[in-house]
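K.L.:
structure of the sequence below:
(chains A and B)
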Protein chains: 2
Amino acid sequence: MNEKYTVETCFSPALFPYRMTTENYVVVIVDILRATTSVNAAFDNGVEAIIPVAEVEKARKYKHEGFLVASEREGKTLDFADFGNSAFNFMTPEVRGKTLVYSTTNGTQAIEMAVSNGADAVIGSFNNLEALARWIEKQEQNVLILCSGFKNKFCIEDAFFAGALAERLLDNHSRYASVCDSVTVSLDMWRQGKGNMLQYIEKAAHRERLKQRQQDDVLQYSFTLNNVSAVPFYDKATGRLYDANMNK
Amino acid sequence: MNEKYTVETCFSPALFPYRMTTENYVVVIVDILRATTSVNAAFDNGVEAIIPVAEVEKARKYKHEGFLVASEREGKTLDFADFGNSAFNFMTPEVRGKTLVYSTTNGTQAIEMAVSNGADAVIGSFNNLEALARWIEKQEQNVLILCSGFKNKFCIEDAFFAGALAERLLDNHSRYASVCDSVTVSLDMWRQGKGNMLQYIEKAAHRERLKQRQQDDVLQYSFTLNNVSAVPFYDKATGRLYDANMNK
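P.N.:
Below you'll find the predicted structure:
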């Protein structure tokens, strides 16, 4: 009865093959700047389902079939796509009730990697942190927080979120226990920065990249806590993300 | 003239393929608990050269040829070996002037990976931090700090050292500039813990493993700053480590 579920963090998809957690687990996909923040924004604006795809050509094919498509590479919206991947793109009535095809540089690959191992996968960002934690606590599963990183490199904003989620799950009387140094350091990062999240994230390299592309208007939204109640869950049967709270 | 050399950290050998630094660089191999600490201790006790080998069978072959061999797996000294890989093993006159064959779980593989890409490789631990930094500053090279980690997973003690070395290289009037979030977080870890290194490292998972094996007597030595002046450098022609300061 005292057996606890484990919480582990991988700082990069490249570290996923070396994870300690291999049984009965849910993977939380994290790509704060910007895929998972944007997916959560899309569901918050009434999207019914999202089809994540890794390859641009697959996204283009869906476009020809009449789907709305969000796709960018290196921060630029592709010519055939309806949207880029800024969260702001989805704050429009146009998406309500629609199924959206979504392709990005980092986030999509992380989802495909997670589910190819048979695990469940859900989408996390600061926006749905509390809703996500409550959903996780209803499962009887170990938790692996998978940071998308930037081109497989460690990135601050994803680890920062891992710390926030870990703190929430590991708090008093928790059924969860940390199993790795990555969780420990993520917690330190979160505790150091949570008092002023936007100031903390100033030092992140990706924040600088967004600034150079004049896309840093999305930062305020990306580091807003608990303004989204959706918990996008990957349905293996259909290959689509649905809001887990709507299906239950 | 104002062009700076870069400092990058990889938190795991599994992230090495995704490094940003690909030209004109030296790799600092780090495995604080315990390979690189032990290699530095060996040179400090008069070892002339170390032959790093990844496979146990290769180490056994060297033993039959009459070499002194240090080899352990999962923290246990192998039956045919003269030493395990605790730094204390090498604090004996027996090693003076000798060539030592050294095989360990994590460290050796990191060296082989680094040099297979044609880079120079040197050994770093807290013990030779200042000597290492001075040697690096004499080179005209970018710096990549490669943390061995634990079975390819992120580990605190190696990242903690990366922060210490990065701080030393990036200080005032430095010719170096950080290029990644891993350096930024390592610096934060170092600044948080440097006032009481042994207390900081209490939270590291590997510290607990050593405790369980009653091998934690090595901690005090492993987190001692600047008591070793050797800078073990990997000589590609012979496949051996020599003290760079002795050769020059």
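
K.L.:
chain B contacts on chain A?
P.N.:
Residues of chain A found near chain B (CB under 8 Å from any CB of the partner chain) are A:11-12, A:14-15, A:17-20, A:150-156, A:159, A:179-182, A:184-185, A:188-189, A:192, A:203-206. Heads up, the C-betas are built off the backbone N, CA and C, glycines and all.

K.L.:
just the buried residues from those residues, in PyMOL please.
P.N.:
Burial among the residues of chain A next to chain B is assessed by 16 or more other CB atoms under 10 Å in any protein chain shown; the matching PyMOL selection reads:
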select buried, chain A and resi 11+12+14+15+18+19+150+152+153+154+155+156+159+179+180+181+182+184+185+188+189+203+204+205+206
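
K.L.:
any stretches of chain A with poor pLDDT?
P.N.:
Along chain A, segments meeting pLDDT under 70 span A:1-2, A:105, A:247-248.

K.L.:
show me where it has helices.
P.N.:
With DSSP state H as the criterion, chain A has helices at A:35-44, A:56-64, A:107-116, A:129-138, A:156-169, A:181-193, A:197-201, A:205-212, A:219-222, A:244-247.

K.L.:
hey, which of the ones you listed is tucked in deepest?
P.N.:
helix A:35-44 (a mean of 29; mean count of other CB atoms under 10 Å in any protein chain shown).

K.L.:
how far out from the middle of the chain is it?
P.N.:
Helix A:35-44 sits 8 Å away from the centroid of its parent chain (CA atoms, centre = their mean, to the nearest Å).

K.L.:
that helix vs helix A:129-138, what angle?
P.N.:
Angle, helix A:35-44 to helix A:129-138, by axes from the mean of the first three to the mean of the last three CA atoms, to 10 degrees: 90 degrees.

K.L.:
by contact count, what packs against helix A:35-44?
P.N.:
Where contact means 3 or more CB pairs under 8 Å, 6 or more residues apart in numbering or on different chains; DSSP states H and E, helix A:35-44 is packed against strand A:49-52, strand A:99-103, helix A:107-116, strand A:120-124, helix A:219-222, strand A:232-235, strand A:240-243.

K.L.:
pull the CA atoms of it into PDB?
P.N.:
Output of helix A:35-44 as PDB, limited to C-alpha atoms (Å, rounded to 0.1, in the frame of the first residue of the first chain):
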ATOM      1  CA  ALA A  35       4.500  23.400 -29.400                       C
ATOM      2  CA  THR A  36       2.800  22.200 -26.200                       C
ATOM      3  CA  THR A  37       1.800  25.700 -25.100                       C
ATOM      4  CA  SER A  38       0.200  26.100 -28.500                       C
ATOM      5  CA  VAL A  39      -1.600  22.700 -28.500                       C
ATOM      6  CA  ASN A  40      -3.100  23.700 -25.100                       C
ATOM      7  CA  ALA A  41      -4.100  27.100 -26.400                       C
ATOM      8  CA  ALA A  42      -5.800  25.300 -29.400                       C
ATOM      9  CA  PHE A  43      -7.900  23.100 -27.100                       C
ATOM     10  CA  ASP A  44      -8.700  26.000 -24.900                       C
END
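
K.L.:
now the angle from that helix to strand A:120-124?
P.N.:
Going by the same axes, to 10 degrees, helix A:35-44 makes 90 degrees with strand A:120-124.

K.L.:
and the helices and strands packed on helix A:35-44 as CSV, adding distance to A:Thr6?
P.N.:
CSV is the format used below for the helices and strands packed on helix A:35-44 (distance: least, CB to CB, whole Å):
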stretch, distance to A:Thr6
strand A:49-52, 26
strand A:99-103, 30
helix A:107-116, 16
strand A:120-124, 15
helix A:219-222, 28
strand A:232-235, 20
strand A:240-243, 25
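
K.L.:
nearest approach to A:Ala59 belongs to which of those?
P.N.:
strand A:99-103 (4.0 Å; CB to CB).

K.L.:
elements contacting that closest one?
P.N.:
Using 3+ CB pairs under 8 Å, 6+ apart: strand A:99-103 touches helix A:35-44, strand A:49-52, helix A:56-64, strand A:68-73.

K.L.:
7 Å instead?
P.N.:
Applying 3 or more CB pairs under 7 Å, 6 or more residues apart in numbering or on different chains; DSSP states H and E, we find strand A:99-103 packed against strand A:49-52, helix A:56-64, strand A:68-73.

K.L.:
ok, A:Asn152 to A:Ala205 distance?
P.N.:
Here A:Asn152 is placed at a distance of 14 Å from A:Ala205 (CB to CB, to the nearest Å).

K.L.:
same check, this time on A:Ala164
P.N.:
On the measure of CB to CB, A:Ala164 and A:Ala205 end up 20 Å apart.

K.L.:
separation between A:Phe154 and A:Ser148?
P.N.:
In terms of CB to CB, A:Phe154 sits 11 Å off from A:Ser148.
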